[in-house]
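# structural data only, the sequence is not supplied:
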């Protein structure tokens, strides 16, 4: 949370939202992206886990993006 607060302090414009849950943040970013937009998912590098509540949980950004795109395509 400290990192997010540091980033928010440096934002001059207020036309954004902060989504704390990484999985939800990726979903929101993909949902609001339009043709020609670029969605940059940054901050984890090649890590395939998240540390949460003193536990290590498998989470891979690329796997999540692929899953969400496939779900979106199957709903169209």
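Received, thanks. Predicted model only: the values in this text are computed from it and were never measured.
# ranges for the strands of the protein?
49-52, 55-58 (DSSP state E).
# run through who's touching the first one.
Residues external to strand 49-52 that are found in contact with it (CB atoms under 8 Å, 6 or more residues apart in numbering): 22, 56, 57, 58, 59. For glycine as for every other residue, the C-beta is placed from the backbone atoms N, C-alpha and C.
# could I get the average pLDDT for it?
Computed over strand 49-52, the mean pLDDT rounds to 88.
# what pairs with it, parallel or antiparallel?
Strand 49-52 has the following strand partners under DSSP bridges: strand 55-58 (antiparallel).
# go ahead and flag the most central residue of this structure.
Note on the chain: the residue nearest the mean C-alpha position is residue 26, at 3.0 Å, using CA atoms, centre = their mean.
# how close does residue 65 sit to residue 26?
Using CB to CB, to the nearest Å, residue 65 is found at 6 Å from residue 26.
# ok, residue 48 next?
Computed with CB to CB, the distance linking residue 48 and residue 26 is 14 Å.
# ignoring the adjacent residues along the chain, who's closest to residue 29?
Residue nearest to residue 29 in three dimensions, not counting chain neighbours: residue 39, with 4.9 Å by CB to CB, 6 or more residues apart in numbering.
# again, but for residue 22
Residue 22's closest residue in space is residue 50 (CB to CB, 6+ apart), at 6.4 Å.
# number of residues surrounding the closest residue to residue 69 other than its chain neighbours?
The spatial neighbour of residue 69 that comes closest, neighbours along the chain excluded (CB to CB, 6+ apart), is residue 30 at 7.2 Å. Residue 30 sits with 17 neighbouring residues when counted by other CB atoms under 10 Å.
# so what's the nearest residue to residue 60 once chain neighbours are set aside up against?
On the basis of CB to CB, 6+ apart, the spatially nearest residue to residue 60 that is not a chain neighbour turns out to be residue 48, at 4.4 Å. Counting by CB under 8 Å, 6+ apart, residue 48 makes contact with 58, 59, 60.
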